Every structure is written in C-alpha cells, then in structure tokens.
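> the following comprises the amino acid sequence and a computationally predicted model.
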Amino acid sequence: MIGTEVENAKRKVIAILKVLQESKEPLGARIIAQHLKSYGIELGERAVRYHLKIMDERGLTRLIGREGRLITDGGAEELKSALVRDKVGFAISRIELLAFRTSFDPTRRAGLVPVNVSFFPEERFAEALKVMKPVFERGYCVSNLVLTARAGEKIGDGIVPKGKIALATVCSVVINGTLLKAGVPIDSRFGGMMEIRNHKPLRFVELINYSGSSMDPSEIFIRARMTSVLEVVKKGEGKLLANYRDVPALCRPVVENVVTQLKEAGIGGLLMMGNASEPVCEVSIELNRIGIILKGGLNPVAAAEEAGIPSDSHAMSTVVSYQSLTGIDNLVS
C-alpha cells in the first residue's frame with residue numbers, strides 16, 4: 001500500500017513538472033490543477049499547493065513572488081530522468097482521454113470538441129493569421145473552425161498567458177471520439193510527416209509511435225522545423241503533419257457515415273482511407289483491418305513557424321464547445 005502511494009505521488013510530481021516545463025510563464029496552483037486534468041489527473045488546488053511546497057524544498061520548483069512557480073534546472077533534470085513507465089505512452093494516454101471527453105454529436109451540431117492550443121505573441125498574431133489562412137482554405141487541417149482567446153481569458157482548462165493570444169484548432173482526435181461513441185474500436189498508431197506529391201499523399205517519411213512517446217509527434221516535428229506546409233500550399237509538394245489510425249474492416253460503413261456527418265458539420269480531417277488488409281501510403285496493415293490517415297490539426301501553425309512566427313503549441317490540449325468555434329474567415333479577410 002505504501003509503495004503504491006509513493007508511486008502515485010511520483011506520477012503527480014512528474015505531471016506537475018511537465019505542466020511547468022511547457023509554460024514560459026510562472027503558474028499558480030489553480031492553473032496547474034486545470035492543466036493536470038488534460039493528463040487525467042484530478043488534483044485539487046490545495047493538493048497541488050502541498051506538492052509544490054515539497055517540490056520547492058527539493059529544489060525542483062521555484063516560487064516567483066505571487067505569480068506562481070517556475071521549473072528549476074533540477075526539476076527539468078528530474079523530469080528528464082523520470083521513470084520510463086511514467087513517460088512512455090504519455091501521448092497515447094492523452095489520445096484516449098481526449099477521445100473519451102469528446103461528446104460532439106455531428107447530427108445535432110453540439111457537444112465538446114478536442115482542440116490543440118497554440119500561443120502566439122500578440123504583436124504577431126495578425127501576421128500569423130494571414131500566413132495560416134491559405135492552409136485552412138486548402139483543407140490541409142482538420143477544420144477551418146477555430147477559437148481565439150486573449151491574455152487572461154480562459155480557453156478550455158487553462159488561462160492565456162500575458163502578452164499572448166491563443167488559437168485553438170480542431171484536433172484529429174475528434175474522429176477517435178466520434179467513432180468511439182459510434183461503437184467503432186480505433187487504434188491510434190503513430191503521428192508523422194506525410195510526403196505530398198502533386199497535391200496527393202504519397203508516403204510517410206518520418207513517424208513516431210504514440211505508445212513510445214511522452215510528447216505529441218506534431219509538437220516535435222514543428223519544433224524541429226521539419227515540415228514544409230507552405231510549399232505544399234504553393235506547389236503541391238512538401239511534407240505535412242499527419243496521423244495514422246486503423247479500424248476493423250467490418251466497421252468501414254460506420255466509419256464512412258461518421259466521416260460524412262463530421263464533414264457536413266465543418267469538420268474533415270480524413271486524408272485517406274485504405275482497403276481491407278491492404279497497405280495505405282506504404283504502411284502495412286494487419287489482416288481484416290483498414291488503415292486511416294488523418295490530417296494534422298496543427299498544420300496551419302506549422303506554416304506560421306515556417307514563416308518565422310514563433311508559437312508555443314500544445315497538441316491534444318483540451319476540449320471546447322462546438323458552438324464556441326468560428327470560421328477562420330471571421331478572423332481575417
């Protein structure tokens with residue numbers, strides 16, 4: 001029993017450190033508690049304060065006046081050397097949790113939709129929108145429906161930091177969630193970069209398995225500047241963010257119906273669906289299963305990064321109400 005309690009405490013500490021590492025601003029206990037929900041950890045504000053006090057004493061975190069905590073070098077090292085089982089599979093766990101939290105009903109056009117949240121400098125947000133708009137218009141993302149929030153405002157489970165504007169883009173996990181509600185078992189295999197040739201998907205040139213990653217692959221590829229979304233938009237040649245799933249072949253009619261309903265509600269995301277037991281974009285598939293390739297919801301943000309506009313993206317971040325979303329055309333002419 002004692003061993004189990006220690007293990008749970010370690011996981012909470014690692015999760016808190018990860019939340020702090022992903023933020024460039026000091027965070028208070030209330031905001032940290034909100035972020036922890038996206039990792040499936042229900043921890044009250046008072047409990048977070050308790051853990052932070054111990055983490056301060058261990059030199060893992062540092063109190064900055066009344067603003068909150070920052071992670072220290074010692075905390076970053078602790079996170080880096082965390083138990084493998086606490087880090088591996090983090091991405092797949094987030095997918096499963098977010099799919100469960102998705103309640104969007106495409107027929108009623110209501111419910112919660114999973115989103116990625118990206119933070120841009122206020123002074124460059126208008127510029128970023130102009131760069132991203134063609135990516136939305138060409139359909140190289142999940143949806144052209146977005147949500148914005150300014151500094152101090154709430155978006156999903158978190159608060160927008162000072163000097164930033166948040167942009168929420170629909171995440172491909174919306175397909176996981178709607179298929180889950182329709183009774184279709186879907187396996188999320190990996191995220192990667194899809195080579196586009198003549199405006200058509202050709203093959204994956206890079207991939208990271210969700211089950212072996214503590215970060216979302218899209219975040220990694222964007223930070224490494226490995227995408228060429230702008231080239232795809234301009235010339236039909238380049239590399240896009242994409243995700244690979246597979247489903248039982250018998251479920252194809254249900255999948256096609258759900259995809260159609262989502263499209264009618266302004267949510268696409270499907271790049272390609274293969275045939276039973278046949279490879280799709282050079283990815284082999286098990287017998288009696290169908291491979292599905294989904295567009296990455298962060299492709300517009302990747303384009304902004306390629307244009308030299310910095311951002312801080314959190315893939316598979318949270319869920320927001322479908323009714324709160326607006327078309328990208330309403331933000332930029």
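Thanks, I have it.
> point out where the chain drops to low pLDDT.
1-6, 38, 82-89, 157, 333 (pLDDT under 70).
> spell out the residue ranges of the helices in it.
Here the chain has its helices, by DSSP state H, at 2-21, 29-36, 45-57, 73-80, 84-87, 90-101, 125-137, 173-181, 217-223, 229-235, 252-264, 299-306.
> so which bits of the third one are buried?
Translated: helix 45-57. Of the residues in helix 45-57, those buried under the neighbour-count criterion (16 or more other C-beta atoms under 10 Å) are 48, 51-52, 55. Placement of C-beta: from N, CA and C, glycine included.
> now the second one
Across helix 29-36, burial judged by 16+ other C-beta under 10 Å covers 29, 31-36.
> reformat those as TSV; add distance to Lys18.
Formatted as TSV, those follow (distance: C-beta to C-beta, whole Å):
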residue	distance to Lys18
Ala29	16
Ile31	14
Ile32	10
Ala33	14
Gln34	14
His35	9
Leu36	9
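> and the gap between Arg252 and Ser284?
With distances taken as C-beta to C-beta, to the nearest Å, Arg252 is found 18 Å from Ser284.
> more neighbours, these two?
When Arg252 and Ser284 are compared for neighbours, Arg252 comes out ahead with 16 against 9, by other C-beta atoms under 10 Å.
> isn't that one up against Ile290?
Yes - look at Arg252 against Ile290 with C-beta atoms under 8 Å: they come within range, at 5.9 Å.
> identify the contacts common to the two.
Counting by C-beta atoms under 8 Å, 6 or more residues apart in numbering, the contacts common to Arg252 and Ile290 are 273, 276.
> re earlier: of the buried residues of helix 29-36, which is the nearest to Pro161?
Nearest to Pro161 among these, counting by C-beta to C-beta, is Ile31 at 9.5 Å.
> list the contacts for the residue nearest to Val115 when sequence neighbours are not counted?
Closest residue to Val115 apart from its sequence neighbours, by C-beta to C-beta, 6 or more residues apart in numbering: Ala168 at 4.0 Å. Residues near Ala168 by C-beta under 8 Å, 6+ apart: 115-118, 146-149, 155-156, 317-318, 320, 325.
> go on, Thr102?
Thr102 makes contacts with 111-114, 173-174, 176-178, 180-181, 319, as judged by C-beta under 8 Å, 6+ apart.
> go again using 10 Å as the cut-off
With contact set as C-beta atoms under 10 Å, 6 or more residues apart in numbering, Thr102 has these partners: 111-114, 171, 173-181, 319.
> cool, Ile155 as well?
Per C-beta under 10 Å, 6+ apart, neighbours of Ile155: 115, 117, 119, 147-149, 166-168, 317-318, 320, 324.
> and what of Ala304?
Ala304 sits next to 118, 120, 124-125, 127-132, 135, 167, 222, 229-230, 298, 310-311, 313 when contact means C-beta under 10 Å, 6+ apart.
> count the neighbours of the residue nearest to it when sequence neighbours are not counted for me.
Distances taken as C-beta to C-beta, 6+ apart place Ala128 nearest to Ala304, at 4.4 Å, with adjacent residues excluded. Per other C-beta under 10 Å, the neighbour tally for Ala128 reads 24.
> hang on, Ala128 packs against Ala307?
Yes - counting by C-beta atoms under 10 Å, Ala307 is a contact partner of Ala128 at 7.9 Å.
> those strands in the stretch 151-300 of the chain, which residues are they?
Under the criterion DSSP state E, counting those that start in this stretch, the stretch 151-300 of the chain carries strands at the ranges 154-155, 158-159, 164-170, 187-197, 200-209, 238-248, 270-273, 289-295.
> got the angle for the fourth one vs helix 299-306?
To tie it back to what came earlier, the one meant is strand 187-197. For strand 187-197 against helix 299-306, the angle by axes from the mean of the first three to the mean of the last three C-alpha atoms, to 10 degrees is 50 degrees.
> brilliant, that's me finished.
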